[in-house]
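1. A predicted structure for the sequence below; I have some questions about it.
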Amino acid sequence: MGLLSRRHFGDRAFKGLALLMALSVFALIVLIGLELWSGSHLALQKFGWRFLSSSGWDPVDEQFGALPFIFGTLVSSVVALIIAVPLSIATALYLTELAPLWLRQPLILFIELLAAVPSVILGLWGIFVMVPWLREHLFPALQSALGFLPLFQGPIYGVSVLAGGIIIAIMIVPIITSVSREILRSVPGLQREAAYALGATRWEVTRIAVLSYAKKGLFGAVILGLGRALGETMAVTMVIGNRPEIAASLFAPGYTMASVIANEFTEATTDIYLNALFEIGLVLLGLTILVNAAAQLLLKTFGGPGVARQH
Amino acid sequence: MDGANHNWRNFKSLLLQGIACACALCVIAPLGLVFFHLIRSGVGSLNLEFFTHLPKPVGESGGGMANAIVGTFMLLGLAALIGVPVGVLGGVYLSEYGWSKLNWWIRFSADILNGVPSIIWGIVVYALVVVPVKGFSAWAGGIALGMMMIPLIMRTTEEVLLLVPGGYREAALALGIAQWRTIVQIVVRTALKGIITGILLALARISGETAPLLFTAFGNRFWNHHLSDPIGALPLQIFSYAISPYDDWHRQAWAGALVLLLLIAAINVTVRVLTRDRFSAHGR
């Protein structure tokens, strides 16, 4: 009897401890939300909803509006998606459907390595290698070819929203590729065989049997990439130019929500300034949670457990 | 007519395969370029002094990042102190206990936490730790990184525990071993290599994080003598040198980046060796 109850105690204590640790994820989410909320109460009171739509950012005058940062974050993320999505999905298709078998494993290894490169190292490369190259070669070429569009007009500094978008694209390509690859792998082989049996070519099999089957999951992978893009901090901060303005040109410098926090947090001398930065954090958190929740739901309904596990 | 159509379809198939191949090359090109420039610009500044000396003030050449290298390892240790027990036990709960609805929510929340931008962790820990004790500290940096590790480790631990065959658990329980000892001594032990792999991958992931350390560990150009003082870290040092206007510091930033990337590569290679053993043991 004594033995039995001791054992029950051990079982119950261990289970309780494990439960506590598992529940810590809820605690962490609540904690993040509460800390950001209470850290920004002054700004929430003073500016209200105007904070989201006002574009003035003047610490001396104590006027704060998040619009330029929201704009910069969204534009750089959209640029990144436009570059990264076709590349990633084509690469995932190549890796699962088209590439010769001996090439697949090394390519996957390289993509995993790219995912492991820290943001700050990519930023360092961005400052000293990519931005000068963009300034000297790619941007002038783009301007002479597509200069009639407002997107590609104006002076070229190198550091710009477009440079930020490119560096974000490099960072999210591995995530979108590896999640897409998992999804394409979960497409049943029978789908492909049926299409082959009808005499379809390799590309036709991919398009008819694989892509249309995996559409929803691939969309989830893209949204997951968007979630990462919105929160990218260091590399973007180093190449986007950090100027809070809303410009039509992609060659103009910009600023993102994550970068303004990284740059100005330790310089924020007044309470209201710090509160405004916390509120930007709150907006960023809300946005990324929404986007990530959507991505997880899409992936979970598509592939069951295991599809989204990579990240 | 039919033959022409057939040729066209085959040509289109080949063309699109070629495009897909070109896309794959585009994707890995930045990796090659980053490695190339890191080695070209970093190796020159890498010498014994880099690993053994403190940073020199502006204008004096030489000096190293010894404090930042040690600082990175100390921060990883502190982070592991928080992230490993919470993450592993949480993973045990997900795989061994719980009911499906609760576990679904826990998994969902862990995945959401994995998507929280790292800069957010920085300001949250700033409000949580730095403000109350009125100072940046190694503790704060370790807590920020540790919190980031929790959901990562929880998910990988759960996954490897689910790979342990149910028969192991049943056999142990049938022998009259208490459930918690079954879990600790049989299930976790069987999956230990996989769990360690997950921990190492989480360490590799956070070892390059800069944003959560900016307002917590803060950085320090000297040795950290106390965990309640600010501490240097490789990513922080790389960042502050990279955005500085001095050529000498730029060279040091490249060298630091090379060391950091080698550290991360070393962890990844270790993981590869570990997982290869595991797979061969299971005959896969």
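-> Yep, that arrived.
2. residue contacts, the residue nearest to A:Gly65 when sequence neighbours are not counted?
-> Excluding the flanking residues, the one nearest A:Gly65 by C-beta to C-beta, 6 or more residues apart in numbering or on different chains is A:Ser54, at 2.9 Å. C-beta here means a position set from N, CA and C on the backbone, and glycine is covered the same way. Residues near A:Ser54 by C-beta atoms under 8 Å, 6 or more residues apart in numbering or on different chains: A:Phe47, A:Gln63, A:Phe64, A:Gly65, A:Ala66, A:Leu67.
3. just the buried ones from those residues?
-> Among the contacts of A:Ser54, those that count as buried by neighbour count (16 or more other C-beta atoms under 10 Å in any protein chain shown) are A:Phe47, A:Phe64, A:Gly65, A:Ala66, A:Leu67.
4. one step back: closest one of the contacts of A:Ser54 to chain B?
-> A:Ala66 (14.8 Å; C-beta to the nearest C-beta).
5. go ahead and confirm the closest one touches A:Val283.
-> Yes. Between A:Ala66 and A:Val283 there is a contact at 6.0 Å, judged by C-beta atoms under 8 Å.
6. what do the two both touch?
-> Common contact partners of A:Ala66 and A:Val283 (C-beta under 8 Å, 6+ apart): A:Leu52, A:Met257.
7. what distance do you get for A:Gly65 to A:Trp49?
-> 11 Å (C-beta to C-beta, to the nearest Å).
8. sorry, that was for A:Val222
-> 30 Å.
9. tally of neighbours for A:Leu20?
-> 14 (other C-beta atoms under 10 Å in any protein chain shown).
10. contact partners for it?
-> B:Leu89.
11. ditto for the one 5 residues further on
-> The contact partners of A:Val25, taken as C-beta under 8 Å, 6+ apart, are B:Gly90, B:Ile106, B:Ser109, B:Ala110, B:Leu113, B:Ile150, B:Pro151, B:Met154.
12. give me the element it is part of.
-> If you go by DSSP states H and E, A:Val25 is part of helix A:2-39.
13. need the pLDDT of A:Arg207.
-> On the pLDDT scale, A:Arg207 is placed at 87.
14. let me redo that: A:Ser160
-> 95.
15. would you mark the buried spots in the helix or strand immediately after the helix holding A:Val25 in the chain?
-> Going down the chain from helix A:2-39, the next helix or strand is helix A:41-47, by DSSP H and E. The neighbour-count check on helix A:41-47 (16+ other C-beta under 10 Å) flags A:Leu42, A:Ala43, A:Leu44, A:Lys46, A:Phe47 as buried.
16. turn these into JSON lines, including distance to chain B and pLDDT.
-> Listed next are those as JSON lines, based on distance: C-beta to the nearest C-beta, whole Å; pLDDT from 0 to 100:
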{"residue": "A:Leu42", "distance to chain B": "13", "pLDDT": "92"}
{"residue": "A:Ala43", "distance to chain B": "13", "pLDDT": "92"}
{"residue": "A:Leu44", "distance to chain B": "15", "pLDDT": "92"}
{"residue": "A:Lys46", "distance to chain B": "19", "pLDDT": "92"}
{"residue": "A:Phe47", "distance to chain B": "18", "pLDDT": "91"}
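17. closest one to B:Leu203 out of the residues you listed, please.
-> A:Ala43 (36.1 Å; C-beta to C-beta).
18. for the residue nearest to that closest one when sequence neighbours are not counted, list the residues it contacts.
-> Spatial nearest neighbour of A:Ala43, excluding adjacent residues (C-beta to C-beta, 6+ apart): A:Asn275 at 3.9 Å. Going by C-beta under 8 Å, 6+ apart, A:Asn275 touches A:Gly39, A:Ser40, A:His41, A:Leu42, A:Ala43, A:Leu44.
19. so for B:His37, what's the nearest residue that isn't a sequence neighbour?
-> Nearest to B:His37 is A:Val129, by C-beta to C-beta, 6+ apart, at 5.3 Å.
20. tell me the SS of that neighbour?
-> Under DSSP: H, G, I helix; E, B strand; the rest coil, A:Val129 falls in the helix class.
21. and A:Val222 and A:Trp49? which has more neighbours close in?
-> Ranked by neighbour count (other C-beta under 10 Å), A:Val222 and A:Trp49 place A:Val222 first, with 21 against 8.
22. the helix or strand hosting the more buried one: how far from the chain's middle?
-> For A:Val222, the host element (DSSP H and E) is helix A:212-231. Centroid displacement of helix A:212-231 relative to its chain, using C-alpha atoms, centre = their mean, to the nearest Å, is 10 Å.
23. next SSE downstream of that helix?
-> Taking DSSP H and E, what comes next after helix A:212-231 is helix A:234-239.
24. stretch A:287-305 and chain B, any residue contact?
-> Yes. Counting by C-beta under 8 Å from any C-beta of the partner chain, contacts between stretch A:287-305 and chain B involve A:Thr288, A:Ile289, A:Val291, A:Asn292, A:Ala293, A:Ala295, A:Gln296, A:Lys300.
25. got the phi/psi numbers for B:Leu214?
-> Reported as degrees, to the nearest 10, the phi and psi values for B:Leu214 are phi -60, psi -40.
26. and the one 5 residues further on, by the same measure?
-> Listed backbone geometry of B:Gly219 is phi 100, psi 150, with angles given as degrees, to the nearest 10.
27. and what of the one 10 residues further on?
-> In terms of degrees, to the nearest 10, the main-chain angles of B:Asp229 are phi -100, psi 160.
28. one more: B:Ile231?
-> Per degrees, to the nearest 10, the backbone of B:Ile231 is at phi -140, psi 150.
29. how many residues are close by it?
-> B:Ile231: 33 surrounding residues under other C-beta under 10 Å.
30. what is it paired to in the beta sheet?
-> When bridges are taken as DSSP bridges, the partners of B:Ile231 come out as B:Phe218.
31. what ranges do the helices span in the stretch 151-300 of chain A?
-> A:161-185, A:189-197, A:202-204, A:212-231, A:234-239, A:257-264, A:271-303 (DSSP state H, counting those that start in this stretch).
32. contacts only, for the residue of the stretch 51-200 of chain A found nearest chain B.
-> Ranked by C-beta to the nearest C-beta, the top residue of the stretch 51-200 of chain A for proximity to chain B is A:Pro118, at 2.4 Å. Neighbouring residues of A:Pro118 by C-beta under 8 Å, 6+ apart: A:Met234, B:Ser207, B:Gly208, B:Glu209, B:Thr210, B:Pro235, B:Leu260, B:Leu261, B:Ile264.
33. geometrically speaking, which residue is the centre of the chain?
-> Looking at chain A here, since you left the chain open. Centroid-nearest residue in chain A: A:Arg228, 1.7 Å away (criterion: C-alpha atoms, centre = their mean).
34. other chain: chain B
-> Judging by C-alpha atoms, centre = their mean, chain B has its centre closest to B:Arg205, at 1.4 Å.
35. now that one: how far from A:Lys216?
-> Where A:Lys216 is concerned, B:Arg205 sits at a distance of 28 Å (C-beta to C-beta).
36. point out where the chain drops to low pLDDT.
-> Here I'm looking at chain A. A:1-7, A:303-311 (pLDDT under 70).
37. wrong chain, I was asking about chain B
-> In chain B, residues with pLDDT under 70: B:1-2, B:277-284.
38. look up the closest residue to residue 153, ignoring the ones flanking it.
-> Using chain A here. A:Ser249 (5.3 Å).
39. looking at chain B here, not the other one
-> Looking at B:Ile153 with C-beta to C-beta, 6+ apart, the closest residue is B:Gly87, at 2.8 Å.
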